[in-house]
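Q: Sharing a model that was predicted from the sequence below.
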Amino acid sequence: MIFVIIFLVWFLSHNDKLGQTCTMQSQCGSGLVCVNSGTTAAPAYTCKAGFQSPCTGGSSSTDCAPGLTCSSGNVCIPLPKAPGAPSSAKTCSSCAGNNTAVQKTPTGNRTRPAWLGAKHQGESPTRLAPNTGNPPSDVVSTKPVLVSASPVLSFGDNSESETSASETISESVCVDMCSYSNMTLALYSNGKIAVQASGAPGRYVNNNVRLKKIFPYSQYLTGLTTDGTIVWLEQERIPGESWEWKRYANLPTRITSCSVTLNQEHLWLHDAAIHRGYLYKGATLINQVDHYPYRRVYGHTIDVYAEIDEHRQTAKIHPSGETFTDVYDLVISHPDSVTVLKNSERDRYRGLAIVNWTAMYINM
């Protein structure tokens, strides 16, 4: 009886906002996540119980967030996977600099979008399982993680090329990071990219273009060059020591900033010189915004995004209307949790990045 009373008190204290309408994560409180229970066209955000949070009703319960089910012990756990379904690994939120696997799709040949252009002759079938654009069901913690400006990579012994690359990188600084398939990638100011694949030695690669941002988009590793061009990388090129990036056909140039949704379905491009924004799905332009001076940062889908006024150093989140001041950088991690890097913190942190669904501070 005493145990039942204790459980009820604990349950009620953690679930007083369960099922309530929300527009952002902070409105739900501890143990709950703000999720879209509706559709993209008609969103309906409500507070649901996250991983290992209390619930009632067993497997028929609707308390848990999507991808979770209420166990016999009255806590939310991942749904059992169907036989043959691809597995997913937990995201490591306390081991910055180490890579963990993300949910993957089965490997094999896929239909190649025509707008990417022709493949090089003699290229082998796809080897990698790119990110699906959907987080593992147990990713509920959105606490930002500090990552060193020089991510820890495990190099093999007695490798002259790796030692040389390491010495070169030590004279540079990390400017951006992302995750792709089973890899964590760090872009450095000298143009090199550090690649750490799960269970493999770390390595550095050269690039045929100068990049300032890297991210996964439409199942391909994508980048923004320093001269404002959006480029992409053939998956077959990834095992090589030098990466040959190619320009996306028909996308605008002179891009000053960009943002991809976490589900990798939409890409926002901004030309600050003419105050024009472009929203793409694949290679299809679905919206163009003129006289638009703000930098945008998207969340999981196009339903949630931030407008950053770099002159006033402020940000406004849509659709919640929440505002922030003293903003230098901002990211929106899963599930639509906002992390802000303030101008007053720039002596300690270089920027923010999303790696394996988690907000990361890039150290100075």
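A: Great, that's in hand.

Q: okay, now the domains of the chain?
A: 2-78, 126-363 (automatic domain parsing).

Q: For the stretch 101-250 of the chain, which segments count as strands?
A: 145-147, 174-180, 183-188, 193-197, 203-207, 211-217, 220-225, 230-233, 242-243, 246-247 (DSSP state E, counting those that start in this stretch).

Q: thinking again about what came up before, now the domains of the chain in CSV, please, with extra columns for mean neighbour count and mean pLDDT.
A: For glycine as for every other residue, the C-beta is placed from the backbone atoms N, C-alpha and C. As requested, these are exported to CSV (neighbours: other CB atoms under 10 Å; pLDDT from 0 to 100):
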stretch, mean neighbour count, mean pLDDT
domain 2-78, 16, 68
domain 126-363, 18, 84
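
Q: still on that earlier bit, looking at the strands of the stretch 101-250 of the chain, which is nearest to Thr301?
A: strand 211-217 (14.0 Å; CB to CB).

Q: Give me the nearest residue to Arg203, chain neighbours excluded.
A: For Arg203, ignoring the flanking residues on the chain, the nearest one in space by CB to CB, 6 or more residues apart in numbering is Val195 at 5.3 Å.

Q: ok, back up a step: just send the strands of the stretch 101-250 of the chain back as a markdown table, with distance to His270 too.
A: As requested, the strands of the stretch 101-250 of the chain are exported to a markdown table (distance: least, CB to CB, whole Å):
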| stretch | distance to His270 |
| --- | --- |
| strand 145-147 | 26 |
| strand 174-180 | 17 |
| strand 183-188 | 19 |
| strand 193-197 | 24 |
| strand 203-207 | 23 |
| strand 211-217 | 12 |
| strand 220-225 | 11 |
| strand 230-233 | 12 |
| strand 242-243 | 25 |
| strand 246-247 | 18 |
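
Q: of those strands, which approaches Pro293 most closely?
A: Closest approach to Pro293 among the strands of the stretch 101-250 of the chain is made by strand 220-225 (18.9 Å; CB to CB).

Q: what packs against that closest one?
A: Contacting strand 220-225 under the criterion 3 or more CB pairs under 8 Å, 6 or more residues apart in numbering; DSSP states H and E are the following elements: strand 211-217, strand 230-233, strand 257-260.

Q: got those strands as TSV, with distance to Pro66 columns?
A: Output for the helices and strands packed on strand 220-225, formatted as TSV (distance: least, CB to CB, whole Å):
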stretch	distance to Pro66
strand 211-217	22
strand 230-233	30
strand 257-260	21
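
Q: between these, which gets nearest to Thr69?
A: Thr69 lies closest to strand 211-217 among those, at 28.6 Å (CB to CB).

Q: Not counting its own residues, what contacts the closest one?
A: Defining contact as CB atoms under 8 Å, 6 or more residues apart in numbering, one finds that strand 211-217 is touched by 130-131, 175-180, 185, 187, 191, 193, 221-226, 231-232, 245, 258, 260, 264, 267.

Q: which stretch among the strands of the stretch 101-250 of the chain comes nearest Gly50?
A: strand 145-147 (17.7 Å).

Q: which residue ranges form the helices in the chain?
A: Ranges of helices within the chain are 2-14, 160-169, based on DSSP state H.
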